[in-house]
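Undergrad: need the 3D shape of this:
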Amino acid sequence: MIHQKRWCMVLASVASLGVVGCMPKFTVEELKNMRPERPAELDKLNMFAGQWESTSEMKLAVLDETMHGTGTGTAAWECDGWLMVERGEYETGELGTMDMLGVWAWDPKAKVYRNWWFNSYGEISTATARYEESTRTWRMKGKGRGPWGASVVKGTMKMVDDDNMEWTWTEWDGLGLTKTMEIKGTSKRK
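TA: The predicted model follows:
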C-alpha cells in the first residue's frame with residue numbers, strides 16, 4: 001500500500017513537470033495581438049464619469065436616530081479604459097469622515113459587472129451588477145465584511161437624467177436575516 005502511494009506521487013510529479021514544460025513560446029508581437037478588444041459593455045459605465053456631490057440619509061439598526069451625510073466623489077477611467085474607479089469623501093455626521101474607493105469592471109464570461117468597495121471604516125464589499133436600460137437603473141447584490149462582521153448587500157442606482165442619480169444601499173447580517181443598515185441618497189454631477 002505504501003509502495004503504491006509513493007509510485008502515484010512519483011507519477012503525479014513527473015506528469016506536472018511535463019505539463020509545465022509544454023508551455024508554448026510566443027513572440028512579443030504575438031502576445032500583443034492576443035490582447036482582447038475592450039468590451040463595448042464597459043461604455044455603459046461612462047454615466048458615472050465625472051465629479052459628484054451627494055446627500056444621504058442613513059438608518060442603522062443599532063441607532064434610534066437617522067444620520068445625514070454629504071460628500072463629494074470623482075469617477076474616472078483607469079487601466080486604459082478597462083476599469084472605472086471612484087474615489088470619494090463623505091461626512092457622516094457624528095460618525096465623522098469616511099473615505100471610499102470603488103472599482104467597476106465587466107466580466108465577459110459571467111456577463112455581469114463586478115464592483116469592489118473599500119472605505120476608511122475598514123469595510124470591504126464585492127458585488128455584481130446588472131443594468132436595466134429601460135429604467136436606467138443599476139441593480140447590485142453582493143457580500144461584505146467590516147468591523148461589525150459579515151454582511152449581505154443590495155443596492156440600486158437610478159439615473160434620473162444625465163446629471164442626477166438616486167441610489168439606495170441596504171445591508172443585512174451575514175445570513176441575510178436581520179437588516180443592519182439602510183441608506184438612500186441623491187448624487188448630482190458638478
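Undergrad: what residues of stretch 75-89 count as buried?
TA: 75, 77, 83, 84, 85, 86, 88 (16 or more other C-beta atoms under 10 Å). Heads up, the C-betas are built off the backbone N, CA and C, glycines and all.
Undergrad: quick one: mean pLDDT over it.
TA: Per-residue pLDDT over stretch 75-89 has a mean of 98.
Undergrad: distance from it to the middle of the chain?
TA: Put simply, stretch 75-89 sits 12 Å off its chain's centre (C-alpha atoms, centre = their mean, to the nearest Å).
Undergrad: what's the following helix or strand after the lowest-mean-pLDDT helix or strand in the chain?
TA: Least confident helix or strand, the chain: helix 2-20 with a mean of 60, by mean pLDDT, DSSP states H and E. Later in the chain than helix 2-20, the nearest helix or strand by DSSP states H and E is helix 28-34.
Undergrad: so which bits of that next one are buried?
TA: Under the neighbour-count rule, helix 28-34 has none buried (16+ other C-beta under 10 Å).
Undergrad: where does this structure have low pLDDT?
TA: Along the chain, the model assigns pLDDT under 70 to residues 1-21.
Undergrad: spatially central residue for it, please.
TA: residue 115 (1.6 Å; C-alpha atoms, centre = their mean).
Undergrad: which parts of the helix or strand hosting that one are buried?
TA: Element membership of residue 115, judged by DSSP H and E, is strand 112-119. Residues of strand 112-119 classed as buried by neighbour count (16+ other C-beta under 10 Å): 112, 113, 114, 115, 117, 119.
Undergrad: export those as TSV, with columns for distance to residue 133.
TA: Supplementary listing: the buried residues of strand 112-119 in TSV, determined by distance: C-beta to C-beta, whole Å:
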residue	distance to residue 133
112	15
113	13
114	19
115	18
117	24
119	30
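Undergrad: nearest to residue 103 among these?
TA: residue 115 (6.5 Å; C-beta to C-beta).
Undergrad: ok, now which ones touch the closest one?
TA: 102, 103, 104, 105, 126, 127, 128, 129, 140, 142 (C-beta atoms under 8 Å, 6 or more residues apart in numbering).
Undergrad: need the three-state assignment for the fifth one.
TA: Looking back up the chat, that one is residue 126. Under DSSP: H, G, I helix; E, B strand; the rest coil, residue 126 falls in the strand class.
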